[in-house]
Structure formats: structure tokens, C-alpha cells
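Colleague: Quick one, what's the 3D model for this:
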Amino acid sequence: MQTRLLTIRKSIKHLNPLETVKRWGWIAFRALLVTGLCFIILYPLIQKLSVVFRNRSDMYDPTVLWIPKSFTLDNVIKAMDAMNYWIAFKNTLFISAGTTLLQVLSCALAAYAFARLRFWGSEVLFFLVIFTIVVPPQTLMIPTYLTYRYFDFFGILGWFGQDGINLIDTVWPFIMSSSLAAGLKNGLYIFIFRQFFRAIPKELEEAAYVDGCGIGATFFRIILPNAIPAFITVILFSFVWQWNDSYFVSLFFNKEQVLSTQVSALTAQIYQTITNDPLYVSMILNTGTLLVMAPLIIMYMFVQRYFVESVERTGIVG
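Modeller: This is a model prediction of the structure:
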């Protein structure tokens, strides 16, 4: 930073006063713009952090703005109890990690086929894959639900007069859709992988073919080790979107508890079991929201550098 300032000062010495004013004005404008954007983005998080550790009496104290007068964990304890936090956390972590692993593998295989294997109708199929990105999942809600409510593999059970297997309230809808690259945002993941695979030199694959590798061995031995940035990007996108998803978990789960549905029902739960005070309800609701966000924030603190590098190398920013 000091080197940067010295360079700017040396360059300013060779400028006339008007150009100096313009130069410093542009620097001040950029600093003000970045500061304003950061404040807008971070304000909700800072506000939640301020509320989480407040005592109930602090909500009625006009002198308390950001820093509580008396710190307490009472809000955290009550929010966790109302959400059944640890049970919902375990279910959410299991579903998010499992679907992420299956989505990454299935989408990478599909993308490799679109990037390197030429077959009749491949362009049309890839167009349909991209089309799934813009189709609202709500338009497919009824057929999706009925598919897993009366699941029948190729209609075999129907031959014997059976209605099918009920897979609702199980993890099988997530496992099956993720394994077949038909899960949440899978069209985007296939596109990311395809664009990255197309940038890998074909000479690497040709050398593998000469050494006797088939398509599968080439994919796992040559392509995957060179596609780490794409894998990091898709893993983080998949995990975060599945963690925050409330649409599919509400569609497939009636009894199982996950964080996204628990925080949606938290307001009603607070009114029923804790208090009718709107201000105190907002305190616990903000605490519950932060508890849902906390694992992702902690994860981002550790993987932020790898994520930025992977996004840059996959070309998403361009």
C-alpha cells in the first residue's frame, strides 16, 4: 500500500494543478463508492450481530445503537430451541454435502460428454440443458412431486397393479436427481464444467489415448486433475444453494427438519412458545437467521481465496 501511494505521489508531481485535482478526485470517488457498497452489503450482517447478543431490555433503551450494554446468549439459546437447531443442522449438512458430491460427479461427466464427445443431437441436448437454467422450478412442481410420490421405474410396478413407491419424506429424491444431473441448478454446473473442459488442450487427451487409456480413464486421470478450479467453483455453488434451498426441501419433506424450513417457521414458533412482543420476536428471528448463515460465513472465511481464484480461472467473470 505504501509503495502504491509513493508511486501516485511521484506521478502527481509531473501533473499540473488541474490534473492533480482530477486525479485525487477520481481516487476519492472510487474510495467513497467502494466504502458505500461495502456498507450496503455488510449492514444487514452487522445489524444482526448487534442484535444477537443484546439483552431484552436493550431493545427499549434509545442509547443502545450498535454495542449492547449487557451481553447475553439468551437469544441464541431460545432461537436454537425454537428451531431444533442441531437436528436441523445435521439434516441440512447431510443433504447439502451428499447432493454436492453427487452433483459434481454427474455434472462433470455430462459436461465432458458435451465438450469432447460428438454425437447426433448433442447440440440440441445441450440447448435443453441451458434451457433448464431459465425455467422456474415452480412450473414443474406438480409433475416433480407426483414422480416421487408414486415412483415407478419404467412402469414396472404398474404391471402388477401397484401405485408406485412413496419417496416423499426420504432423501431419495435428492439422491436420484443429483445422481442424474437433474438437481438444483445442475444446468449451470454443466455449463461451467463444459466451458472449462473445452479450454483444456486436446493434445493431453490424445496422448492418453496413445498410451492406451479409454474415455473413462482419460476423464479420471487427465481431465479431473486439471479441472480443480472448476470443481471448487461448482462445489461451493452447489453446497451454498442446497443449504439455502427451501423450495425442494419443502416439496419433498413433510416431517424432516432442515434449517431453511425451520427459519421460515421461526416467527410462528416464537409467537406460540416464547413471546408476543414484536420487538423481542424480531431479536430472536434475527438470531435464528444468523445461526443459519453462520456455517456458510465460517466456510467462506477459509475457502474465500480458493473460490476467487477458481472463479477467475473458470472464466465466469468474463
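Colleague: quick one: residue 109 is in a strand?
Modeller: No. Counting by DSSP: H, G, I helix; E, B strand; the rest coil, one finds residue 109 to be helix, located in no strand.
Colleague: name the helices or strands packed onto the helix or strand hosting residue 286?
Modeller: Per DSSP states H and E, residue 286 falls inside helix 278-314. Contact partners of helix 278-314 among helices and strands, from 3 or more CB pairs under 8 Å, 6 or more residues apart in numbering; DSSP states H and E: helix 17-52, helix 74-83, helix 85-116, helix 186-199, helix 228-244, helix 259-264, helix 266-273. In this view, the C-beta of every residue, glycine as well, is placed from N, C-alpha and C.
Colleague: which strands and helices sit next to the longest one?
Modeller: Applying 3+ CB pairs under 8 Å, 6+ apart, we find helix 17-52 packed against helix 2-13, helix 74-83, helix 278-314.
Colleague: what's the least confident stretch among the ones you listed?
Modeller: With a mean of 56, helix 2-13 has the lowest mean pLDDT of those.
Colleague: returning to that earlier point: please produce CSV containing the helices and strands packed on helix 278-314, extended by mean neighbour count and distance to residue 217.
Modeller: Output for the helices and strands packed on helix 278-314, formatted as CSV (neighbours: other CB atoms under 10 Å; distance: least, CB to CB, whole Å):
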stretch, mean neighbour count, distance to residue 217
helix 17-52, 12, 45
helix 74-83, 19, 47
helix 85-116, 20, 13
helix 186-199, 21, 16
helix 228-244, 21, 18
helix 259-264, 20, 40
helix 266-273, 15, 50
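Colleague: a markdown table for those, including distance to residue 210?
Modeller: Formatted as a markdown table, those follow (distance: least, CB to CB, whole Å):
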| stretch | distance to residue 210 |
| --- | --- |
| helix 17-52 | 51 |
| helix 74-83 | 58 |
| helix 85-116 | 16 |
| helix 186-199 | 20 |
| helix 228-244 | 24 |
| helix 259-264 | 50 |
| helix 266-273 | 60 |
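Colleague: Please work out which residues outside stretch 235-243 touch it.
Modeller: Here stretch 235-243 makes contact (CB atoms under 8 Å, 6 or more residues apart in numbering) with 92, 95-97, 99-100, 103-104, 184-185, 188-189, 259-260, 295-296, 299, 303, 307, 310.
Colleague: rewinding a little: also compute the angle for the helix holding residue 286 relative to helix 266-273, please.
Modeller: On the basis of axes from the mean of the first three to the mean of the last three CA atoms, to 10 degrees, helix 278-314 is oriented at 150 degrees to helix 266-273.
Colleague: Check the gap between residue 44 and residue 296 for me.
Modeller: Using CB to CB, to the nearest Å, residue 44 is found at 14 Å from residue 296.
Colleague: oh sorry, the question was meant for residue 147
Modeller: 30 Å.
Colleague: Near the residue nearest to residue 267 when sequence neighbours are not counted, how many other residues are there?
Modeller: Distances taken as CB to CB, 6 or more residues apart in numbering place residue 285 nearest to residue 267, at 5.8 Å, with adjacent residues excluded. For residue 285, the neighbour count with other CB atoms under 10 Å is 20.
Colleague: OK, contacts around residue 285?
Modeller: Per CB under 8 Å, 6+ apart, neighbours of residue 285: 79, 266-267, 270.
Colleague: same thing with residue 194?
Modeller: So residue 194 contacts 111-112, 114-115, 126 (CB under 8 Å, 6+ apart).
Colleague: Please determine how far the nearest residue to it once chain neighbours are set aside is located from residue 121.
Modeller: Spatial nearest neighbour of residue 194, excluding adjacent residues (CB to CB, 6+ apart): residue 111 at 4.1 Å. The gap separating residue 111 from residue 121 is 16 Å, by CB to CB.
Colleague: Correct me if wrong: residue 180 contacts residue 109.
Modeller: No. Counting by CB atoms under 8 Å, residue 180 does not reach residue 109; the two are 10.6 Å apart.
Colleague: Give me the distance between stretch 40-60 and the centre of its chain.
Modeller: 24 Å (CA atoms, centre = their mean, to the nearest Å).
Colleague: Put the alpha carbons of that stretch into PDB.
Modeller: Output of stretch 40-60 as PDB, limited to C-alpha atoms (Å, rounded to 0.1, in the frame of the first residue of the first chain):
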ATOM      1  CA  ILE A  40     -24.700  -1.700   2.000                       C
ATOM      2  CA  ILE A  41     -23.700  -5.300   1.700                       C
ATOM      3  CA  LEU A  42     -22.400  -5.700   5.300                       C
ATOM      4  CA  TYR A  43     -25.100  -3.600   7.000                       C
ATOM      5  CA  PRO A  44     -27.600  -6.500   7.500                       C
ATOM      6  CA  LEU A  45     -24.900  -8.800   8.900                       C
ATOM      7  CA  ILE A  46     -23.600  -6.100  11.200                       C
ATOM      8  CA  GLN A  47     -27.100  -5.300  12.400                       C
ATOM      9  CA  LYS A  48     -27.800  -9.000  13.100                       C
ATOM     10  CA  LEU A  49     -24.600  -9.300  15.000                       C
ATOM     11  CA  SER A  50     -25.500  -6.300  17.100                       C
ATOM     12  CA  VAL A  51     -28.900  -7.700  18.000                       C
ATOM     13  CA  VAL A  52     -27.800 -11.300  18.700                       C
ATOM     14  CA  PHE A  53     -26.000 -10.600  21.900                       C
ATOM     15  CA  ARG A  54     -28.400  -7.900  23.300                       C
ATOM     16  CA  ASN A  55     -30.400  -8.200  26.400                       C
ATOM     17  CA  ARG A  56     -34.100  -7.800  26.000                       C
ATOM     18  CA  SER A  57     -34.000  -4.500  27.900                       C
ATOM     19  CA  ASP A  58     -31.500  -3.100  25.400                       C
ATOM     20  CA  MET A  59     -34.300  -3.100  22.700                       C
ATOM     21  CA  TYR A  60     -36.100  -0.400  24.700                       C
END
